[in-house]
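**Student:** Here is a sequence together with a model predicted from it:
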Amino acid sequence: MIEIVYQASEKRSLAIDSNKAVGECTYSDANGVWVINHTFVLPEYEGQGIAKRLVEKLVDHVRQEEGKLSATCPYAVALFKRSRDYDDVVVWPKG
């Protein structure tokens, strides 16, 4: 079973299968807003919903901290635009 863990010191969520990193979602901090900038899953693990779980792990932590997030990562941008489930934490750049 694939485990998704949050690593604050690395500013990422990580997907692990049998002690092997198989995916990650990274972010940077822009004036208190977490900006998801990269989501990656190894090709042999694609199509299993891992990327979504990686993003949602970060969303969960933002909610716990009552913070906000945004994204430059194409996958996360598409996910946030597709679903209203993230409207409470997602902020979009003005302009």
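**Tutor:** Arrived safely, thanks for sending.
**Student:** Any regions of this structure where pLDDT drops low?
**Tutor:** 95 (pLDDT under 70).
**Student:** what are the pairing partners of the longest strand along it, and which direction each?
**Tutor:** Criterion DSSP state E: the longest strand present in the chain is strand 20-30. The strands beside strand 20-30 in its sheet (DSSP bridges) come out as strand 12-17 (antiparallel), strand 33-41 (antiparallel).
**Student:** Now it: buried residues?
**Tutor:** By 16 or more other CB atoms under 10 Å, the buried positions in strand 20-30 come out as 22-27. Yep, even glycine has a C-beta here, placed from its N, CA and C like the rest.
**Student:** and if you look at stretch 63-80?
**Tutor:** Quick answer for stretch 63-80 (16+ other CB under 10 Å): 69-71, 73, 75-76, 79-80.
**Student:** measure the spatially most central residue of the chain to N19 for me?
**Tutor:** Nearest to the mean C-alpha position of the chain, counting by CA atoms, centre = their mean, stands V55 at 2.4 Å. Using CB to CB, to the nearest Å, V55 is found at 23 Å from N19.
**Student:** same thing with Y6?
**Tutor:** When Y6 is compared with N19 (using CB to CB), they lie 17 Å apart.
**Student:** same deal with L69?
**Tutor:** Shown here: L69 relative to N19, a distance of 29 Å by CB to CB.
**Student:** neighbouring contacts of stretch 9-18?
**Tutor:** With contact meaning CB atoms under 8 Å, 6 or more residues apart in numbering, stretch 9-18 is reached by 1-7, 21-29, 41, 45, 50, 53-55, 57-58.
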